[in-house]
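> All I have is the shape, not the residue letters:
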């Protein structure tokens, strides 16, 4: 119980990095820790200090340790997992140890007191730039902060942990938001394309049956191919400068134009308009459901209900329109 108090702070500046074609949530950090140490024995004692280093930390810069404001770099011994030094302390002597350095990391920051001991008068603050509270997340097994404050102007967050007379080896830290990968939106849209194609073909086939027309299987096959053009174009050109929205507009325009050519001469204007309306929904609106990462299944269920209701009213209209013999 030589550590009377601890004061720590870290400033984290997110710095998205690219490796190959993928992006990673990197960051740059400045870390500082101050300890008040006492020799609580009645004898002059040789004290050994052991400061753990981050496991696997590739680069640490501007490393500095002081005792009562005096630099002790000549006494330090660096190893892969820690920094050690020693000195003699008189009975009841108190010293202040200050440790500071900067480093880079990826995805998360995690601070831990690895050895079980009584933690007294402990305060740790983490300032995270360019982050909102809705983006905040924590590593597994991490203590949540007792206080969260937003920086002025919404430029970041300050997380504060306080402990006193506590014993824990749980850590303190946070996870950075994962950057969106190139093509991620298009991938989510493509993942749901089989469902969209099935609903489109079934809906239009039922419209023809309800309205009393035979199904032209060749035209239905060509309709399927026309609709698939949307996803082929999105998969092929979205990584270029036009991006997700440009590929969506280009693919939708091509799909709707081909659908219009297939049914422009159909004898029943109402059927023609219904086919174009259904095709327009699944071409222009439905692909956007791929952006609803947490509600995709719910959206599909709502679409199914709406299509069923729509077909019911089309059937009711068709029956009311028929004249009794």
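Sure thing, it's come through. Note that the structure is predicted; figures quoted are calculated from it, not measured.
> how near is the residue nearest the centre of the chain to residue 27?
With distances taken as CA atoms, centre = their mean, the residue of the chain nearest its centroid is residue 178 (3.8 Å). From residue 178 over to residue 27 the distance is 13 Å, taken as CB to CB, to the nearest Å. Using the backbone N, CA and C atoms, a C-beta is placed for each residue, glycine as well.
> what bridges to the closest residue to residue 76 other than its chain neighbours?
Closest residue to residue 76 apart from its sequence neighbours, by CB to CB, 6 or more residues apart in numbering: residue 85 at 5.2 Å. Taking DSSP bridges as the rule, residue 85 bridges to residue 49.
> ok, now residue 156?
On the basis of DSSP bridges, residue 156 is bridged to residue 129.
> can you pull the contacts of it?
By CB atoms under 8 Å, 6 or more residues apart in numbering, the contact set of residue 156 is 127, 128, 129, 130, 131, 150.
> between the residues you listed, which is nearest residue 159?
For those, the residue nearest residue 159 by CB to CB is residue 128; the value is 7.1 Å.
> Could you list the low-pLDDT ranges of the stretch 51-200 of the chain?
56, 58, 182 (pLDDT under 70).
> how about the helices in it?
For the stretch 51-200 of the chain, helices defined by DSSP state H, counting those that start in this stretch occupy the ranges 184-191, 193-210.
> and of the ones you listed, who's closest to residue 79?
helix 184-191 (41.2 Å).
> Can you point out the buried residues in the closest one?
Within helix 184-191, the residues scored as buried using 16 or more other CB atoms under 10 Å are 185, 186, 188, 189, 190.
> How about stretch 155-172?
For stretch 155-172, the neighbour count (16+ other CB under 10 Å) marks 156, 157, 158, 159, 160, 161, 163, 171, 172 as buried.
> Now do the single longest helix found in the chain: which elements does it pack against?
Criterion DSSP state H: the longest helix present in the chain is helix 296-321. On a contact count with 3 or more CB pairs under 8 Å, 6 or more residues apart in numbering; DSSP states H and E, helix 296-321 meets helix 193-210.
> residues of the helix it packs on that come out buried?
Quick answer for helix 193-210 (16+ other CB under 10 Å): 193, 196, 197, 199, 200, 201, 203, 204, 206, 207, 208, 210.
> and it, what does it pack onto?
Using 3+ CB pairs under 8 Å, 6+ apart: helix 193-210 touches helix 217-237, helix 269-280, helix 296-321.
> Tell me which of those lies nearest to residue 289.
Closest to residue 289 of the helices and strands packed on helix 193-210 is helix 296-321 (CB to CB; 4.7 Å).
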